[in-house]
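[1] model the structure of this input:
(2 chains)
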Amino acid sequence: MSAKTFSAFAAALHQILDDARTAIQDKTDIDSVYSDLKEFIVDSDDTIDGVAELDVVARQAMRDLVLDVVGSNLADIASRSADVAGLEKKFSTQSATNSSIAAGLRLEKVKAVIDASTQTVASLKALSDTLPTATDADAVKIATQIKGVIDGITKLNTAIQTRI
Amino acid sequence: MKHPTRHRPLIAGLLAILAFAGCQSLPDLKPFADSTAQIAASVRGSGECTLTDIQDLKKRYHDDAKNATASNRDQLEENAVTATKQANSFETEWNANIKMMNATATYADSIAQIAAAGKDGADSAKQVGQSLKKLLDSVGTVVPGADAIVTLGSTVYGQIVQQMAGKSLEKALGEAQPAIDDVARVLGANLASLAKINHALTLELVTTTEDATRAGFNVGNERKVVRLAFAAHDQLRNEIATAIDNNNGDSAKREEALKPLVARSEQLEEIIASSRAKLVPIDTAVATAEEKGRNQAYLLSAAQTAVREWAAYHRELLTALQQKHAPSVAQLNAAATDVREFLNLIRKKS
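    Model prediction:
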């Protein structure tokens, strides 16, 4: 830079700041103008009265450029946040549906019902064994009911067998 | 009870029909699941890097404010406040993107479950058969030939469920494709925005490293001194060569001509060495910051490519199922590998 007076340096900085404003408004790449500001600071003559203050202005302009780029791109990301949230929900719902389909294909519910029935029969048998066989009317009623349930299950299994 | 052997010709016939009809071959969903996981990891990793950089910048502005002049101090504090707000805002927004990718990873797992259920159909049926046998045993009922029945039934069911899984998978992939395309669009755009943020942060982190208030001296001036000293040294070498040529025959005159030139040369070498010594820690910090910025840029570029390939592959899976061919996985694997390598590089350097 061949500028030697404060006015010349001020004019040069003024031009770069105009370019910086344009870059911010147009959302264009800031590299060139950021580099121009850096070069201004390096090449300016701090021995001239007032030029050091111009350097401070130039350095602040560099921070403003960067914070503006960060801010405007954050705003762009935020503008898509509704889409992002919607997609998260969509995939969560779809995943639950798919997992349910997979469980169905694996016959998990069928197996669970059969295993539960087996457990019920075993529990009922154990209960039945603990009941007294004496004249207690209620106990006899319960034992009869239990036998009825077991017979019912046996009939159901017979029906299943005939279909295999 | 009907004798089980009477059903054997029927079952054999059914198996033959299924074999002739051509079984639905279920695609390998591991590449899709792996690439989803890689992309999710890159979204997390790049987010962590960026958040650290914004917080670093905020701290630098705050620290520099302490050493600044009165007029500059307020501005720097204001910059630190802005950076704080940006860090908080970024964390919130990027966490939402991470959640979105976690949901797509769960989706990838769920379609893999359908495929696995299809492939394991015979085993599932066998387990049900064995549970049924236990139940019958518990009520004291014995079915003759139960083992053979379970085996035959499992084989038949295995064939059937593979077809069912194929159809379910086709439906699931078809329903999800628009959302997959939306993820590619939205995440691609967000990754591009993140790349611009990272680039700007790298520029500023390098500059703050070189700031006089932080470095303790005027780095720009010191670099100028080194440049000028080298230029003067080159000039001096020419002068020394000329002095030697001009005084070729007379060693005494040559010595006299060279003495001041050599003294100046030594002075310049001292200046260069001294300035370079001051600049070494700054240059090292700058090089580290620039390398980090480059690696993040590579990762974000690789992630953008990967997310495009990922969406295309999901579409390819659907076509592969419909047309009964194996999907081509080379491009997806290459993209996922790039993402993994850049992520590992960044983790190694941090």
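
[2] which strand or helix spans A:Asp115?
    Following DSSP states H and E, the helix or strand that holds A:Asp115 is helix A:108-130.

[3] likewise B:Arg44?
    Applying DSSP H and E as the criterion places B:Arg44 in helix B:30-66.

[4] residue 93: what secondary structure?
    Using chain A. Look at A:Thr93: counting by DSSP: H, G, I helix; E, B strand; the rest coil, its state is helix.

[5] residue ranges with poor pLDDT in the chain?
    Because you didn't say which chain, this covers chain A. A:1-3, A:128, A:131-136, A:138-140, A:142-143, A:146, A:149-150, A:153-154, A:156-164 (pLDDT under 70).

[6] look at chain B instead
    Short version for chain B, where the test is pLDDT under 70: B:1-24, B:122, B:125, B:139, B:143, B:146, B:149-150, B:152.

[7] nearest residue to the middle of it?
    B:Ser42 (3.0 Å; Cα atoms, centre = their mean).

[8] now do the contacts for that residue.
    Neighbouring residues of B:Ser42 by Cβ atoms under 8 Å, 6 or more residues apart in numbering or on different chains: B:Leu299, B:Leu300, B:Ala302, B:Ala303, B:Ala306, B:Val339, B:Phe342, B:Leu343. Just so you know, the C-beta spots here come from the backbone N, C-alpha and C atoms, and that holds for glycine as well.

[9] measure the residue nearest to the fourth one when sequence neighbours are not counted to B:Asn344 for me?
    What it means is B:Ala303. Distances taken as Cβ to Cβ, 6 or more residues apart in numbering or on different chains place B:Ser42 nearest to B:Ala303, at 4.2 Å, with adjacent residues excluded. The gap separating B:Ser42 from B:Asn344 is 11 Å, by Cβ to Cβ, to the nearest Å.

[10] equivalent analysis for B:Val225, please.
    From B:Val225 to B:Asn344 the distance is 41 Å (Cβ to Cβ).

[11] higher neighbour count, the two?
    Taking other Cβ atoms under 10 Å in any protein chain shown, B:Val225 and B:Asn344 do not tie; B:Val225 has more neighbours (18 against 12).

[12] setting aside sequence neighbours, what's the nearest residue to the more buried one?
    B:Ser275 (5.1 Å).

[13] list the contacts of the one you found.
    B:Ser275 makes contacts with B:Glu222, B:Arg223, B:Val225, B:Val226, B:Ala229, as judged by Cβ under 8 Å, 6+ apart.

[14] same question for B:Ile346.
    Per Cβ under 8 Å, 6+ apart, neighbours of B:Ile346: B:Gly45, B:Cys49, B:Lys292, B:Asn295, B:Gln296, B:Leu299.

[15] so which elements touch the longest helix that chain A contains?
    What stands out as the longest helix in chain A, according to DSSP state H, is helix A:51-79. For helix A:51-79, the elements it packs on are helix A:6-26, helix A:31-43, helix B:30-66, helix B:70-119, helix B:146-210, judged by 3 or more Cβ pairs under 8 Å, 6 or more residues apart in numbering or on different chains; DSSP states H and E.

[16] so which of those helices gets nearest A:Gly71?
    Ranking these by distance to A:Gly71, with Cβ to Cβ as the measure, places helix B:70-119 first at 6.3 Å.

[17] just checking, what packs against the closest one?
    By 3+ Cβ pairs under 8 Å, 6+ apart, helix B:70-119 packs against helix A:51-79, helix A:81-105, helix B:30-66, helix B:146-210.

[18] now these in TSV, with distance to B:Ala257?
    Supplementary listing: the helices and strands packed on helix B:70-119 in TSV, determined by distance: least, Cβ to Cβ, whole Å:
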stretch	distance to B:Ala257
helix A:51-79	41
helix A:81-105	76
helix B:30-66	51
helix B:146-210	41
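
[19] among those, which is nearest A:Ile114?
    So among the helices and strands packed on helix B:70-119, helix B:146-210 is nearest, using Cβ to Cβ, at 12.6 Å.

[20] what helices or strands is that closest one leaning on?
    By 3+ Cβ pairs under 8 Å, 6+ apart, helix B:146-210 packs against helix A:31-43, helix A:51-79, helix A:81-105, helix B:8-21, helix B:30-66, helix B:70-119, helix B:121-138, helix B:251-323.

[21] those helices: which one's closest to B:Ala165?
    That would be helix B:70-119 among the helices and strands packed on helix B:146-210, by Cβ to Cβ, at 2.4 Å.

[22] check which helix or strand whichever residue of the stretch 201-350 of chain B sits closest to chain A maps to.
    Residue of the stretch 201-350 of chain B nearest chain A, by Cβ to the nearest Cβ: B:Gly220 (3.7 Å). Assigned by DSSP H and E, B:Gly220 falls within helix B:219-246.

[23] against which helices or strands is that helix packed?
    Partner elements for helix B:219-246 (3+ Cβ pairs under 8 Å, 6+ apart): helix A:31-43, helix B:251-323.

[24] which parts of that helix are buried?
    B:Val219, B:Gly220, B:Glu222, B:Arg223, B:Val225, B:Val226, B:Ala229, B:Ala232, B:His233, B:Leu236, B:Ile240, B:Ala243 (16 or more other Cβ atoms under 10 Å in any protein chain shown).

[25] would you point out the most distant pair within these?
    B:Val219 and B:Ala243 (35.8 Å).

[26] including distance to B:Leu173, could the helices and strands packed on helix B:146-210 go into TSV?
    Formatted as TSV, these follow (distance: least, Cβ to Cβ, whole Å):
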stretch	distance to B:Leu173
helix A:31-43	43
helix A:51-79	29
helix A:81-105	10
helix B:8-21	22
helix B:30-66	10
helix B:70-119	7
helix B:121-138	19
helix B:251-323	4
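
[27] so which of the ones you listed gets nearest A:Phe9?
    helix A:51-79 (5.3 Å).

[28] ok so, going back, okay, the contacts of B:Ile346 in a markdown table with distance to B:Leu169 and neighbour count next?
    Conversion of the contacts of B:Ile346 to a markdown table gives the following (distance: Cβ to Cβ, whole Å; neighbours: other Cβ atoms under 10 Å in any protein chain shown):
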| residue | distance to B:Leu169 | neighbour count |
| --- | --- | --- |
| B:Gly45 | 31 | 20 |
| B:Cys49 | 36 | 22 |
| B:Lys292 | 42 | 20 |
| B:Asn295 | 38 | 18 |
| B:Gln296 | 37 | 25 |
| B:Leu299 | 32 | 26 |
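
[29] tell me the two of the residues you listed that are most distant?
    It's B:Gly45 and B:Lys292 that sit farthest apart of those, by Cβ to Cβ, at 12.6 Å.

[30] picking up where we left off before, so which of the helices and strands packed on helix B:219-246 is the most packed in?
    helix A:31-43 (a mean of 18; mean count of other Cβ atoms under 10 Å in any protein chain shown).

[31] run the angle between it and helix A:51-79 for me.
    Angle, helix A:31-43 to helix A:51-79, by axes from the mean of the first three to the mean of the last three Cα atoms, to 10 degrees: 160 degrees.

[32] so who does the residue of the stretch 201-350 of chain B closest to chain A touch?
    Contacts of B:Gly220 (Cβ under 8 Å, 6+ apart): A:Ile41, A:Val42, B:Glu210.

[33] same deal with A:Gln15?
    Listed by Cβ under 8 Å, 6+ apart, the contact set of A:Gln15 is empty.
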